[in-house]
Each structure stands twice: as C-alpha cells, then as structure tokens.
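In: no FASTA, just this:
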C-alpha cells in the first residue's frame, strides 16, 4: 500500500497541474484505501477510487522489469529507501541518476495511462 499511495500521490500531483479537478491523494480518506469492505462513497471518493483502479490496471500493462523497478523504487521509507535505490541501481548496473531518469519515464507512462483510463 505505501507504494500505491506513493505512485498515486505522484500521478495525482502531476495530473493536478494539467487539470484542476483532480484532488490530492492526501485528501482521500483512509477508508478508501482499504478495499476489503464496500462503502458508500461520495462523488469525490468515487473519482479517487477510479484513479486507484486505473493505476492498478496500468501497472499490469508495464513490462515486468519496469513494474518491478517502480514497485521497488517506492518500497521503503527514509533510510531504507535510500539504501534500496542504491542497491537497485547497482543491480541494474546504472548510476543513481540514471535510475531516477528511468523511474521518471515509467511514472510518466503510468500518468499518461491513468489519465487516459480515467477520461474514458
């Protein structure tokens, strides 16, 4: 869930720059992140849920290597996150800067896919 929140926050933030109607991920009530029990959602909450469904769908369309990379890129918090990014860059045989660029490109693909999915 921290990964999904992180990606959703980035997608929502970048999409907010293009369209003012997108709400911030921080504004989504915590209960909407838990999909284990159905709830009666307002229009705004339903829109947030649609973004999450689209994000999940778009993640499945990524190549397996890109999906793994982006999931691991956002896996941990604070120091663990820094160490994991360093290890991930070493595993891939690229610099930390190249890893950031690669993650940015994957996020851009996800953003485009999510926005296309939501506007359908």
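Out: Noted; the coordinates are in hand. Worth saying up front: this structure is predicted, and the values here are computed from it rather than measured.
In: Tally up the residues packed near residue 72, please.
Out: Counted with other C-beta atoms under 10 Å, residues neighbouring residue 72 total 17. (C-beta placed from N, C-alpha, C; glycine too.)
In: how near is it to residue 113?
Out: From residue 72 across to residue 113, the span is 20 Å (C-beta to C-beta, to the nearest Å).
In: How about residue 86?
Out: 28 Å.
In: Pick out whichever of these two has more residues nearby.
Out: Ranked by neighbour count (other C-beta under 10 Å), residue 86 and residue 113 place residue 113 first, with 18 against 12.
In: Can you point out the helix or strand that includes the more buried one?
Out: Using DSSP states H and E, residue 113 falls within helix 96-118.
In: and what of residue 65?
Out: helix 64-73.
In: what pLDDT, on average, does that helix get?
Out: If you average the pLDDT over helix 64-73, you get 91.
In: Same check on stretch 12-27?
Out: 57.
In: List the contacts of residue 74.
Out: 2-3, 6-7, 81 (C-beta atoms under 8 Å, 6 or more residues apart in numbering).
In: Please check those and keep the buried ones.
Out: By neighbour count, with 16 or more other C-beta atoms under 10 Å, the contacts of residue 74 hold 6-7, 81 as buried.
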